[in-house]
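In: sequence below, structure please.
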Amino acid sequence: MEKHNAIPQGYMTVGELAKKMGVTVRTLQHYDREGLLPPSSISEGGRRLYTDRDVVRLHQILSLKHLEFSLDDIKNRVVSLDDPAEVASVLAEQALVIQKRIENLSEVLRELQALRDEVLQMRSVDFKKYADIIVNLEMKNDLYWMIKHFDNQTLDHIRRRFDKESGEAFMQKFMQLQNEAIELSANGISAASEQGLQFAEKYWAMITDFTGGDMSILSRLVEFGQLDCLDQDWKEKQELANTFIEPALNAYFTKLGVDPFQEGAK
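Out: Just a heads-up that it's a prediction; the model follows:
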């Protein structure tokens, strides 16, 4: 029995190799199944046996794994290279992959920190709002902080009306028109001028697109804009834009002979 279980000189068991290299037996078994590190020999009892050459091979595998190469890359691409220029090229490609991953993780870290700040400012746990905040952070929407102030009805309306792509397009349109209003005002353009009326038509079309004709949503947005807890920089910019937007809309509705706010209240 002892002779049957004896390990030939110069060989080691999978357990001994695992201990020597600081990995688990399961890892070595996985590398064997993947064809990366088959044992050099099998004992009469069916035990996997390894040699010092396998130690060297495993060391190479672990080193390349440390550089974030996949097992498939290691098996089918990296270790078969025999030209220094090709090795350098593969390493350069991997460096780009890692750089992109770092950038993605840095962005995720920024989003985590921003979400944490929002969570601490909210008065209750609301994972639906958390999800909306995360989506807007992904969209690079600087107004993501608004979400915590919206009521559920407004948020449900937004979720039904916009997907990620259309939501992003809407926010770009909103910011563009806000900046345009500030610029028109700074240039002394009259809100009742033809240029002002053209702006009002575009702005009202944007609002109609957002509300879908539901004036109760518009009323909620007006109430939202009057909250004291909003970001101060945003409030100041919006107030500056409104010095042109409000009279331009009034002139536009007067020309059309309608009052959508009064009609919506009926």
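In: tell me where the protein has strands.
Out: Taking DSSP state E, the strands of the chain run over residues 12-13, 41-42, 48-50.
In: pick the most deeply packed of those.
Out: With neighbours defined as mean count of other Cβ atoms under 10 Å, those peak in mean count at strand 48-50, which reaches a mean of 22. C-beta coordinates here come from the backbone N, C-alpha and C atoms, glycine included.
In: from residue 31, how far out is the residue minimising distance to the centre of the chain?
Out: Per Cα atoms, centre = their mean, the C-alpha nearest to the average position across the chain is that of residue 138, at 3.9 Å. Distance, residue 138 to residue 31, using Cβ to Cβ, to the nearest Å: 37 Å.
In: what of residue 88?
Out: Distance from residue 88 to residue 31, by Cβ to Cβ: 26 Å.
In: could you do residue 255 as well?
Out: Distance, residue 255 to residue 31, by Cβ to Cβ: 77 Å.
In: neighbour-wise, which of these two wins?
Out: For residue 255 versus residue 31, neighbours defined as other Cβ atoms under 10 Å are more numerous around residue 31 (22 against 12).
In: residue contacts, the closest residue to that one other than its chain neighbours?
Out: Nearest non-adjacent residue to residue 31, counting by Cβ to Cβ, 6 or more residues apart in numbering: residue 37, 4.0 Å away. The neighbourhood of residue 37, defined by Cβ atoms under 8 Å, 6 or more residues apart in numbering, consists of 28, 31, 54, 57-58, 61.
In: pull out the buried members of these.
Out: 28, 31, 54, 57-58, 61 (16 or more other Cβ atoms under 10 Å).
In: closest one to residue 99 out of these, please.
Out: Of all the buried ones among the contacts of residue 37, residue 61 has the smallest distance to residue 99: 23.4 Å, by Cβ to Cβ.
In: separation between that closest one and residue 80?
Out: For residue 61, the distance to residue 80 equals 13 Å [Cβ to Cβ].
In: next: residue 248.
Out: The gap separating residue 248 from residue 80 is 69 Å, by Cβ to Cβ.
In: quick one, which of the two is more surrounded?
Out: Neighbours were counted for residue 248 and for residue 80 using other Cβ under 10 Å; residue 248 has more, 29 against 9.
In: count the neighbours of the residue lying closest to residue 90 once chain neighbours are set aside for me.
Out: Closest residue to residue 90 apart from its sequence neighbours, by Cβ to Cβ, 6+ apart: residue 78 at 6.0 Å. Residues lying near residue 78 (other Cβ under 10 Å) number 20.
In: could I get the contacting residues of residue 78?
Out: Each residue near residue 78 by Cβ under 8 Å, 6+ apart is listed here: 64, 69, 87, 90.
In: of the contacts of residue 37, which belong to helices?
Out: Among those, the ones falling in helices (DSSP state H) are 28, 31, 54, 57-58, 61.
In: if anything else comes up later, I'll come back, but that's it for now.
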